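A.B. asks: Build me a model from this:
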Amino acid sequence: MECVPWTRRRKGTAVPLEQRTARLTILVDPRKKEMFERLCAEQDLTPSQVLRQLMRDFIETQTGEPWQPVPAGTRAAGRKASARRRAVR
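C.D. replies: From the prediction side, this is the model:
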């Protein structure tokens, strides 16, 4: 059985770290977007699912290591963001 790292949201709901989200906005030509969405639908996948898999594959190809979500109890990215927020105040 795979061990899934968990984090907590405000309302106390446990959510796997891999399911937390950050927004990524890109600009693509409308024809390419339409075709991409159609091809995703034909495979019963959402565009977001396909893009997340492409990102994991790209990371693995570039680093030569399998993608690993941040282990439970570590907040590498969270610490930097928190420090920036405190510095701005």
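
A.B. asks: Please enumerate the helices of the chain.
C.D. replies: Along the chain, the stretches classed as helices by DSSP state H are 30-42, 47-63, 76-88.

A.B. asks: who's in contact with the first one?
C.D. replies: Translated: helix 30-42. Helix 30-42 has contacts (CB atoms under 8 Å, 6 or more residues apart in numbering) with 28, 46, 47, 49, 50. C-betas here are computed from N, CA, C, even on glycine.

A.B. asks: Show the contacting residues for the third one.
C.D. replies: Read it as residue 47. 36, 37, 40.

A.B. asks: before we move on, the earlier item: quick one: which of the contacts of helix 30-42 is most hemmed in?
C.D. replies: The most neighbours of any of the contacts of helix 30-42, using other CB atoms under 10 Å, belong to residue 50, which has 15 neighbours.

A.B. asks: That residue: what's it in contact with?
C.D. replies: 36, 40, 43.

A.B. asks: pLDDT and distance to residue 57 added to those, as CSV?
C.D. replies: Below are the contacts of residue 50 laid out as CSV (pLDDT from 0 to 100; distance: CB to CB, whole Å):
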residue, pLDDT, distance to residue 57
36, 97, 16
40, 97, 16
43, 96, 16
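
A.B. asks: So which of the residues you listed wins on neighbours?
C.D. replies: Per-residue neighbour counts (other CB under 10 Å) across those peak at residue 40, which has 16 neighbours.

A.B. asks: which residue sits closest to residue 28, ignoring its sequence neighbours?
C.D. replies: residue 36 (7.7 Å; CB to CB, 6 or more residues apart in numbering).

A.B. asks: Can you redo the contacts of residue 50 as CSV, where the extra columns are distance to residue 65?
C.D. replies: Below are these laid out as CSV (distance: CB to CB, whole Å):
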residue, distance to residue 65
36, 28
40, 27
43, 27
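
A.B. asks: Just to check, residue 66 is in contact with residue 57?
C.D. replies: No. Using CB atoms under 8 Å, residue 66 is not in contact with residue 57; the gap is 10.6 Å.
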